[in-house]
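Asker: model the following, please.
(2 chains)
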Amino acid sequence: GNSVTQMEGPVTLSEEAFLTINCTYTATGYPSLFWYVQYPGEGLQLLLKATKADDKGSNKGFEATYRKETTSFHLEKGSVQVSDSAVYFCALSAGSARQLTFGSGTQLTVLP
Amino acid sequence: NAGVTQTPKFRVLKTGQSMTLLCAQDMNHEYMYWYRQDPGMGLRLIHYSVGEGTTAKGEVPDGYNVSRLKKQNFLLGLESAAPSQTSVYFCASSDTQFSPLHFGNGTRLTVT
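Answerer: Purely as a prediction, here's the structure:
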């Protein structure tokens, strides 16, 4: 079956630090890959996505590259802000119904 | 610009009681989903619907029932609540099976 493995948190960084959150996946076929973000008290929001190998998704300074050879989709940001504090979920969509399979989430806290 | 609205926001039930969670979307989306979120486990799909009048089981359907009588509404029912159903429940919708999901803000349910 499909599965997503994420770097365990929590992650605590100082403002302007470099962020990497690791994500690897197992899937049949050719999945689409996503990063969702959940701010406190809210539902998840799509942060970025990539639909085929070597695609790079980007949004709000975050980037992730779909690496088929390593089955990975690591999230990076060059300089985090306090406002980036949230829980980040890696997810994949595959198969005929294209339902999302989520990782366990990584809590990020950015300190001023 | 409501998007996806979930009611109620919070609920406490005693074991054996029943309740219905309501999800309403105003984006004319075909696909609707119910997820539960538990610490360290990410989001797991309970049931989903690919259109009005249709429902299908997800990863963890036991103990839940759903109905999609109107396109804009997706109801999640617990017939006899158990403490294992204590969780945060999220509804989501999407335009197509390939589109990003739009999430509601969640319902926090506690079963004592």
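Asker: which secondary structure elements does the helix or strand of chain A with the lowest mean pLDDT sit against?
Answerer: Ranked by mean pLDDT, DSSP states H and E, the weakest helix or strand in chain A is strand A:100-102, scoring a mean of 89. Judged by 3 or more CB pairs under 8 Å, 6 or more residues apart in numbering or on different chains; DSSP states H and E, strand A:100-102 is in contact with strand A:3-6, strand A:86-93, strand B:42-49. For glycine as for every other residue, the C-beta is placed from the backbone atoms N, C-alpha and C.
Asker: that strand pairs with which strands?
Answerer: Counting by DSSP bridges, the strands paired with strand A:100-102 are strand A:86-93 (antiparallel).
Asker: buried deepest among the helices and strands packed on strand A:100-102, which one?
Answerer: strand A:86-93 (a mean of 24; mean count of other CB atoms under 10 Å in any protein chain shown).
Asker: ok, residues contacting that strand?
Answerer: For strand A:86-93, contacts defined as CB atoms under 8 Å, 6 or more residues apart in numbering or on different chains pick out A:2, A:4, A:6, A:21, A:23, A:25, A:27, A:31-40, A:44, A:47, A:73, A:75, A:99-103, A:105-108, B:42-43, B:98.
Asker: need the buried ones from those residues selected in PyMOL.
Answerer: To isolate the buried members of the contacts of strand A:86-93 in PyMOL, using 16 or more other CB atoms under 10 Å in any protein chain shown:
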select buried, (chain A and resi 2+4+6+21+23+25+27+31+32+33+34+35+36+37+38+44+47+73+75+99+100+101+102+103+105+106+108) or (chain B and resi 42+43)
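Asker: anything in stretch A:63-73 near chain B?
Answerer: No: applying CB under 8 Å from any CB of the partner chain, one finds stretch A:63-73 separated from chain B by no less than 14.6 Å.
Asker: so what's the gap between that stretch and the chain middle?
Answerer: Averaged C-alpha coordinates place stretch A:63-73 at 11 Å from its chain's average position (CA atoms, centre = their mean, to the nearest Å).
Asker: for that stretch, what is the average pLDDT?
Answerer: The pLDDT scores in stretch A:63-73 average 96.
Asker: tell me the buried residues in that stretch?
Answerer: Neighbour counts over stretch A:63-73 (16+ other CB under 10 Å) mark A:63-66, A:71-73 as buried.
Asker: who's residue A:12 bridged to?
Answerer: Bridge pairing for residue A:12 - DSSP bridges - gives residue A:109.
Asker: contacts only, for residue A:68.
Answerer: A:53-54.
Asker: rerun at 10 Å
Answerer: Residues near residue A:68 by CB atoms under 10 Å, 6 or more residues apart in numbering or on different chains: A:30-31, A:52-54.
Asker: drop anything exposed from the residues you listed.
Answerer: residue A:31.
Asker: just flag the most distant two among the contacts of residue A:68.
Answerer: Farthest apart among the contacts of residue A:68 by CB to CB are A:31 and A:54. That separation is 14.1 Å.
Asker: hmm, back to that, need the helices and strands packed on strand A:100-102 in TSV (columns: mean pLDDT and distance to residue B:16).
Answerer: Putting these into TSV (pLDDT from 0 to 100; distance: least, CB to CB, whole Å) gives the following:
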stretch	mean pLDDT	distance to residue B:16
strand A:3-6	94	34
strand A:86-93	94	32
strand B:42-49	92	20
